[in-house]
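Enquirer: kindly generate the corresponding structure for this input.
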Amino acid sequence: MNLDPSVVLPEALIERIHSRAPGYDERNEFFREDFDELAASGYLKAFVPEAAGGLGASLADVVRLQRRLAAAAPATALGVNMHLVWTGVARVFQTRGDTALDFVLDEAAAGEVFSFGISEAGNDSVLFDSVTAAVPDADGGYRFTGTKVFTSLAPVWTRMGTFGKDTTGPEPALVYGFIRRDAPGWRHLDDWDTLGMRASQSCTTILEGVHAPADRIVRRLPVGPNPDLLVFGIFAVFETLLAAVYTGIAERALALGVEAAHRRTSLKNGGRPYAKDPDIRWQLADASMAVDGVLPQLERVADDVDALVDRGTAWFPALSGLKHRATETARRVVNTAVRVGGGGGYFRSHELQRLYRDVLAGLYHPSDPESAHATVANALLGPLED
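Expert: Next comes the predicted model:
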């Protein structure tokens with residue numbers, strides 16, 4: 001596929017989404033109208049095959065779509081990202097002949113909404129260990145007990161993909177499964193009052209023995225690094241779509257910087273616009289080159305995932321490096337736009353102040369800067385300890 005973002009996300013829809021973003025942020029409110037419109041348009045079915053009523057999108061297609069959506073409303077794009085991660089992982093499975101996640105695409109086609117209930121406070125091993133307990137039942141299912149943080153789409157998800165550690169056997173195992181919203185044994189905390197990305201409403205979720213039946217348990221993996229397709233799929237789609245969202249923020253900030261340079265004038269220089277100031281021109285050119293440097297890397301990674309390219313163990317440093325580069329570049333470009341835009345950008349009514357806050361969330365998503373550098377260093381130099 002080669003979907004046209006301006007057709008899937010037409011300008012009128014983008015303008016409505018963009019116009020609502022300041023209010024959601026100000027009120028610390030979920031992007032309900034955006035979500036309803038995106039769902040009605042079929043956007044949440046991007047990865048669902050066309051034969052099942054979806055868009056049949058590739059990862060590269062969704063990267064372009066999420067860049068466009070993030071430029072209009074970063075928190076909306078980030079929230080939707082988490083549903084797209086699970087459906088994207090299901091597509092990775094399907095294209096590689098593994099049917100274990102076909103139900104995700106089937107249920108997404110039927111209108112179910114997936115949340116990403118993986119992150120845990122204090123778990124810097126991310127996918128390779130868990131502090132959530134996964135206790136088996138007699139029928140092959142599991143009950144999960146623990147706390148998950150940054151669970152986006154809290155008000156609307158109907159399915160949550162999660163994981164925990166089963167310590168009942170001779171060796172601990174990491175168990176991945178899916179729970180339903182209408183199942184007992186979980187609750188949200190009303191704790192999403194953050195600096196940025198406020199509309200995502202990524203509330204903490206408390207799992208209190210919530211049950212995933214046997215037919216929704218998709219993997220039991222050993223603790224520690226693992227090349228299983230589920231681990232690869234989550235890393236590949238999560239990191240790539242995060243990079244897309246933050247690149248969209250960078251693109252919007254750059255556009256605002258350019259607008260400001262043309263709009264602002266300099267009394268010192270006879271009323272000439274700042275667009276004629278050599279220092280301003282250099283700063284915006286530097287920001288533009290930084291964005292241009294991310295785009296080919298982002299597109300190549302997405303294309304390689306779609307094309308089933310086997311990079312072997314080189315995939316993990318590539319994916320960690322992409323996410324790190326995209327988020328750090330976005331922070332740098334937003335900072336430049338704020339400088340170029342002048343003091344008006346410091347006011348709460350200005351879009352740049354919201355982008356300045358939103359882009360900081362990129363620091364906290366896996367892989368964080370320390371993890372990304374460690375992963376790349378291990379690939380280049382071998383492990384720190386033999």
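Enquirer: contacts, neighbours, all on C-alpha from now
Expert: Noted.
Enquirer: contacts for stretch 286-297 next, please.
Expert: Applying CA atoms under 8 Å, 6 or more residues apart in numbering, the external contacts of stretch 286-297 come out as Thr247, Ala250, Glu251, Leu254, Leu322, Arg325, Ala326, Thr329, Ala330, Arg332, Val333, Thr336.
Enquirer: pick out the most distant pair among those residues.
Expert: Spatially, the most separated pair among the contacts of stretch 286-297 is Leu322 and Thr336, at 20.9 Å (CA to CA).
Enquirer: name the residue in these two with the higher neighbour count.
Expert: Using other CA atoms under 10 Å, the more surrounded residue of Leu322 and Thr336 is Leu322, with 23 against 19.
Enquirer: and the more buried one, that one's in a helix?
Expert: Yes. Counting by DSSP: H, G, I helix; E, B strand; the rest coil, Leu322 is found in a helix.
Enquirer: wait, it touches Leu242, no?
Expert: No. Counting by CA atoms under 8 Å, Leu322 stays clear of Leu242, with 9.4 Å between them.
Enquirer: all helices of the stretch 201-350 of the chain, in order?
Expert: Assigned by DSSP state H, counting those that start in this stretch, the helices in the stretch 201-350 of the chain fall at 229-263, 278-306, 315-341.
Enquirer: and these as TSV, adding mean pLDDT and distance to Glu370?
Expert: Compiled in TSV, the helices of the stretch 201-350 of the chain are given as follows (pLDDT from 0 to 100; distance: least, CA to CA, whole Å):
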stretch	mean pLDDT	distance to Glu370
helix 229-263	97	15
helix 278-306	97	20
helix 315-341	96	10
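Enquirer: among those, which comes closest to Glu50?
Expert: For Glu50, the closest of these is helix 278-306, at 16.4 Å, according to CA to CA.
Enquirer: next, the angle helix 229-263 makes with the closest one.
Expert: Using axes from the mean of the first three to the mean of the last three CA atoms, to 10 degrees, the inter-axis angle of helix 278-306 relative to helix 229-263 is 160 degrees.
Enquirer: how near is the residue lying farthest from the centre of the chain to Lys276?
Expert: The C-alpha centroid of the chain is most remote from Gly270, which lies 45.8 Å away (CA atoms, centre = their mean). Distance from Gly270 to Lys276, counting by CA to CA, to the nearest Å: 11 Å.
Enquirer: I would like the residues contacting stretch 298-313, please.
Expert: So stretch 298-313 is contacted by 58-60, 63, 92, 96, 236, 240, 243-244, 318-319, 322 (CA under 8 Å, 6+ apart).
Enquirer: by neighbour count, which of the residues you listed wins?
Expert: Of the contacts of stretch 298-313, with other CA under 10 Å as the count, Ala244 tops at 34 neighbours.
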